[in-house]
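A.B. asks: Sequence unavailable; structure follows:
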């Protein structure tokens, strides 16, 4: 469980760093997802980035782990709801490191919902000791997550469309 906790903390910290590095693009994406104006998008981006940092830090501090899990679950659940509201639209949701407009699919919604469930699960599971391999496992999970995210960004991959057999 320590690896999952570290994975969530790494993902939250990376997401906050991404929001700080690409704040203009992500403020626009946030405004579009939330259905607010530009100023509202900037404010929501700051709030989300701050909450991500707080959640990541809380997950790393044993007495605050439950608070971190609740904050992370609320954030990722909120992202899932915002994405579900925009299902089918083509936009840059800010979900990737690269700026690219793509259709908001159920896979994107489910990714955020799964992260919310994972964070919620961390809140109810007993604390696990931090073992030497946990950071490496967390880094491996993060690499797999980022790879899966890139696969989801492919607009119309051949493996996602049904193939017709030649007659």
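C.D. replies: Here it is on my side, so go on. No experiment lies behind these values; they were computed from the predicted model shown.
A.B. asks: Give me the distance between residue 153 and residue 115.
C.D. replies: Applying Cβ to Cβ, to the nearest Å, the value for residue 153 to residue 115 is 17 Å. Every residue, glycine included, has its C-beta placed from N, CA and C.
A.B. asks: more crowded one of those two?
C.D. replies: residue 115 (22 against 15; other Cβ atoms under 10 Å).
A.B. asks: Regarding the spatially most central residue of the chain, which helix or strand does it belong to?
C.D. replies: Nearest to the geometric centre of the chain sits residue 112, at 5.7 Å (Cα atoms, centre = their mean). Assigned by DSSP states H and E, residue 112 belongs to helix 106-124.
A.B. asks: and that helix, what does it pack onto?
C.D. replies: Secondary-structure packing of helix 106-124 (3 or more Cβ pairs under 8 Å, 6 or more residues apart in numbering; DSSP states H and E): helix 2-21, helix 65-85, helix 134-152.
A.B. asks: Now tell me what touches the following helix or strand past the first one from outside.
C.D. replies: Moving toward the C-terminus from helix 2-21, the next helix or strand (DSSP H and E) is helix 23-34. For helix 23-34, the surrounding residues in contact (Cβ atoms under 8 Å, 6 or more residues apart in numbering) are 18-19, 36-38, 40-42, 44-45, 48, 82-83, 85-86, 91-94, 99.
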